[in-house]
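Q: Below: sequence and its predicted model.
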Amino acid sequence: MSNKQRTVPLIPPTVEDAETAIRNLTAKRDALVARGTELATNRASVAYKALSEDDAVAKRKLEEINKESVSHSHELASVDAALVTARSRLETAKLFEARAAQAEHAQAIRDEWAQVEKDLADLDAGFSFAVGAAKRFYERCERMKLHGLKVPPQQTLMMANVVVSALMAMPPPLWRELTVRSFSRTISPSISASRISSLIW
């Protein structure tokens, strides 16, 4: 046997295979127990004649029963030993599959977490873009005032509507954390930036 062969870890059976083996062994044991009961009954029916009356036929029958009983006892002991091993293998299989599932979950988390940095960068870039757009909006309004435009007094509320509408589109956990109840009661989530332009002009 090579070093490589000696170092390869043994892969336990699956839980399903181990449970199937236990069911099969249990069925064999049940059959052996039933046969043992039958042998005991048969022994009781011939033992008296064989031993008390020296009946030749009963003696032969009793000898056959005794021989089978010895073999039966060994076979039952073997099945019991196999069941001990089978139950141990089942526990090993359960542990192996549980660890494999944990490893799979851990890998899935690592795969998702690898994308978190990009998500946060996109979020940061998006908010930076939104802040820049808001600043440009107010700067344009100020320049338009210089040219005689009367900007609607509700301009700030309309901008707040746009911002809160975007926030309300965020995932519920984040929305709850933001706790903007103080002004969300008066804001319609359907208002968009295009509404602001149409109201101004």
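A: That came through, no problem.
Q: okay, CA-based contacts and neighbour counts for the rest of this
A: Fine.
Q: Can you name the helix or strand that Ala121 falls in?
A: For Ala121, the enclosing helix or strand under DSSP states H and E is helix 116-146.
Q: what helices or strands is that helix leaning on?
A: Under the contact definition 3 or more Cα pairs under 8 Å, 6 or more residues apart in numbering; DSSP states H and E, helix 116-146 sits against no other helix or strand.
Q: Flag every buried residue along that helix.
A: Of the residues in helix 116-146, those buried under the neighbour-count criterion (16 or more other Cα atoms under 10 Å) are Cys141.
Q: elements contacting the helix or strand following it?
A: Next helix or strand after helix 116-146 toward the C-terminus (DSSP H and E): helix 155-168. With contacts defined as 3+ Cα pairs under 8 Å, 6+ apart, the secondary structure elements packing on helix 155-168 are helix 193-200.
Q: average pLDDT across the helix it packs on?
A: Per-residue pLDDT values over helix 193-200 give a mean of 44.
Q: Could you do stretch 71-81 as well?
A: Computed over stretch 71-81, the mean pLDDT rounds to 94.
Q: what distance separates it from the centre of its chain?
A: If you compare the mean C-alpha spot of stretch 71-81 with that of the full chain, they lie 40 Å apart, counting by Cα atoms, centre = their mean, to the nearest Å.
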